[in-house]
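Chemist: Build me a model from this:
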Amino acid sequence: MSDALQVDQMYVSYQGNQVVKDVTFSVGNGTIVGIIGPNGAGKSTLMKAALGLIPKDKGEVLVNGKPLKQSQKKIAYVPQRSDIDWDFPITVIDVVLLGTYPTLGLFKRPGKSERAWAAECLKKVGMQNFATRQIGELSGGQQQRVFLARALAQKAELFLLDEPFVGIDVASEETIIQILRELKREGKTIIVVHHDLSKAESYFDHLLLLNQELIHFGTSSDVLKPEVITKAYSNQFSFLNKSGQVNCT
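Modeler: Predicted coordinates for the structure are as follows:
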C-alpha cells in the first residue's frame with residue numbers, strides 16, 4: 001500500500017524569497033502527524049503548496065501513490081481561521097454541506113441524504129444546535145468545530161488542518177483532538193500544523209520539524225529531544241521540563 005502523502009523535493013518561494021527548501025517526506029496511512037517549527041518556518045506554506053493552493057517552484061506530491069489532481073476528492077482541508085471571511089452570509093449547516101459537493105455529480109446540489117449526513121457531522125462535533133446560525137456569530141472554537149464537520153462531511157481519507165487549535169477554548173480543543181483520534185482509528189491520515197510544543201507528544205504519533213528546510217521527521221519523542229528541537233528553535237527555549245523535553249517560550 002502506498003503512503004497517504006508523499007512530498008518529494010518541495011521548493012516554494014514567496015515574494016522572491018525561498019521559504020521552503022528541498023523538503024522530502026512520506027506519511028503513512030492511519031497516523032496523526034504534526035508539523036512544527038518556529039514562526040516563519042514555512043509550515044503553512046508547505047501545507048498549502050502540497051495541496052496545490054499556492055504555486056511551488058519545484059516538487060512532486062503523491063496521495064496514495066497518485067498525482068494530486070487525481071486524489072483531491074479524498075483530501076479535506078481546514079484552513080487557518082484568519083484565512084476565512086467570517087462575515088460571509090452563510091449558515092452553519094450550509095458550511096457543512098459544502099463538504100458534500102466533491103462527491104456530487106456536476107451541477108448537482110445536496111439533497112435529503114446529504115443534509116442528513118451534514119446534520120450527523122454537526123452532531124459529531126457537538127454543534128447540532130447551531131445549524132441555522134450565521135457562521136460569524138459563533139465563537140472561535142465553535143467555528144473551528146464547524147469547519148471540522150465540513151471536513152468530515154467530505155468523507156476524505158487524508159485530513160490537513162492548519163493551526164486548528166489557535167484561539168479556541170479548551171473544550172473545543174479537546175473535542176477536536178478526540179475526533180482526530182477517532183479518524184485515526186478508522187484508518188484515516190491526519191496532518192496538522194501546530195505551534196504548542198507542550199502538547200505535541202500527546203497529540204501526534206510523528207512530528208515533522210521544519211525551519212524552511214526539513215530538520216527532522218520521526219516519532220514525537222525523538223523529534224522533541226533537546227538536541228533535535230534546538231536545531232530549529234535555536235535560543236527560543238527557557239527550560240526543560242521534568243521529562244527532559246523542551247518547552248518553548
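
Chemist: Next, name the residue at the spatial heart of the chain.
Modeler: By CA atoms, centre = their mean, the chain has its centre lying nearest to Leu161, at 1.6 Å.

Chemist: hang on, Glu126 is in a helix, isn't it?
Modeler: Glu isn't right for residue 126; it's Gly. No. Applying DSSP: H, G, I helix; E, B strand; the rest coil, one finds Gly126 to be coil, outside a helix.

Chemist: related to what we said a few turns ago, next, the contact list for the residue nearest to the centre of the chain, please.
Modeler: Contacts for Leu161 were tallied using CB atoms under 8 Å, 6 or more residues apart in numbering; they are 77-78, 148, 151, 180, 190-193. In this view, the C-beta of every residue, glycine as well, is placed from N, C-alpha and C.

Chemist: again, 10 Å this time
Modeler: Contacts for Leu161 (CB atoms under 10 Å, 6 or more residues apart in numbering) come out as 35, 47, 76-80, 144, 147-148, 151, 176, 180, 190-194.

Chemist: and what of Asp162?
Modeler: Asp162 touches 35, 43-44, 47-48, 51, 77-83, 191-194, counting by CB under 10 Å, 6+ apart.

Chemist: change it to 8 Å
Modeler: Asp162 touches 44, 47-48, 77-80, 83, 192-193, counting by CB under 8 Å, 6+ apart.

Chemist: And for Arg145?
Modeler: 125-127, 172, 175-176.

Chemist: what packs against the lengthiest helix in the chain?
Modeler: Determined from DSSP state H, the single longest helix within the chain is helix 170-185. The criterion is 3 or more CB pairs under 8 Å, 6 or more residues apart in numbering; DSSP states H and E, and the helices and strands that helix 170-185 contacts are strand 32-36, helix 140-153, strand 158-162, strand 189-193.

Chemist: Compute the inter-axis angle for the second one and helix 170-185.
Modeler: The one in question is helix 140-153. 20 degrees (axes from the mean of the first three to the mean of the last three CA atoms, to 10 degrees).

Chemist: Quick one: mean pLDDT over helix 140-153.
Modeler: Helix 140-153 shows an average pLDDT of 94 in the prediction.

Chemist: now swap in stretch 161-177 and tell me
Modeler: Mean predicted confidence for stretch 161-177 is 93.

Chemist: what do you get for stretch 206-222?
Modeler: 96.

Chemist: From start to finish, how long is it in a straight line?
Modeler: 9 Å (CA to CA, to the nearest Å).

Chemist: just stretch 45-63 next, same as before
Modeler: Span of stretch 45-63 from end to end, CA to CA: 18 Å.

Chemist: Tell me what the nearest residue to His194 once chain neighbours are set aside is bridged to.
Modeler: Setting aside the residues directly before and after it, His194 is nearest to Gly34 in space (CB to CB, 6 or more residues apart in numbering), at 4.4 Å. Bridge pairing for Gly34 (DSSP bridges) gives the partners Val192, Leu207.

Chemist: Show the contacting residues for Gly34.
Modeler: Taking CB under 8 Å, 6+ apart as the criterion, Gly34 is in contact with 191-194, 200, 203-204, 206-208, 220.
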